[in-house]
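Q: no FASTA, just this:
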């Protein structure tokens with residue numbers, strides 16, 4: 001399990017363990033703010049470095065070491 005704190009996610013770098021569509025390296029480009037604002041963070045937007053394509057994922061998915069590694073490798 002990757003040790004991740006939601007307040008430190010913005011602009012963090014991640015490597016997909018199993019790349020899809022030649023996308024391996026990602027950057028957390030945005031934190032999707034919950035409604036109401038005092039609720040806990042649930043989603044982040046990650047952007048593929050190679051293609052620039054962005055997608056929204058649950059931030060807790062980044063804690064799964066079988067899917068993500070912290071940093072670019």
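A: Received the coordinates, thanks. Because the structure is predicted, anything quoted here is derived from the model rather than measured.
Q: Tell me the residue in the chain that is farthest from the middle.
A: When distances to the mean C-alpha position of the chain are computed (C-alpha atoms, centre = their mean), the maximum falls on residue 36, with 21.8 Å.
Q: Start and end of stretch 47-63, how far apart?
A: 17 Å (C-alpha to C-alpha, to the nearest Å).
Q: Going along the chain, name the strands of the chain.
A: 13-20, 23-32, 43-48, 54-58, 68-70 (DSSP state E).
Q: could you list every residue that touches the nearest residue to residue 40 once chain neighbours are set aside?
A: Closest residue to residue 40 apart from its sequence neighbours, by C-beta to C-beta, 6 or more residues apart in numbering: residue 34 at 6.7 Å. Bear in mind the C-beta positions are built from the backbone N, C-alpha and C, glycine included. Residue 34 makes contact with 40, 41, 42 under the criterion C-beta atoms under 8 Å, 6 or more residues apart in numbering.
Q: Can you say which of the strands of the chain is nearest to residue 1?
A: Residue 1 lies closest to strand 68-70 among the strands of the chain, at 10.5 Å (C-beta to C-beta).
Q: Give the rounded mean pLDDT of the closest one.
A: Mean pLDDT, strand 68-70: 96.
Q: which strands and helices sit next to that strand?
A: Where contact means 3 or more C-beta pairs under 8 Å, 6 or more residues apart in numbering; DSSP states H and E, strand 68-70 is packed against strand 13-20.
Q: tell me what the strand it packs on is packed against?
A: Under the contact rule (3+ C-beta pairs under 8 Å, 6+ apart), strand 13-20 is packed against strand 23-32, strand 68-70.
Q: tell me which residues of the longest one are tucked away?
A: If you call a residue buried by 16 or more other C-beta atoms under 10 Å, then strand 23-32 has these buried ones: 23, 24, 25, 26, 27, 28, 31.
Q: isn't the fourth one right up against residue 13?
A: Yes - counting by C-beta atoms under 8 Å, residue 26 sits close enough to residue 13 to count as a contact (7.3 Å).
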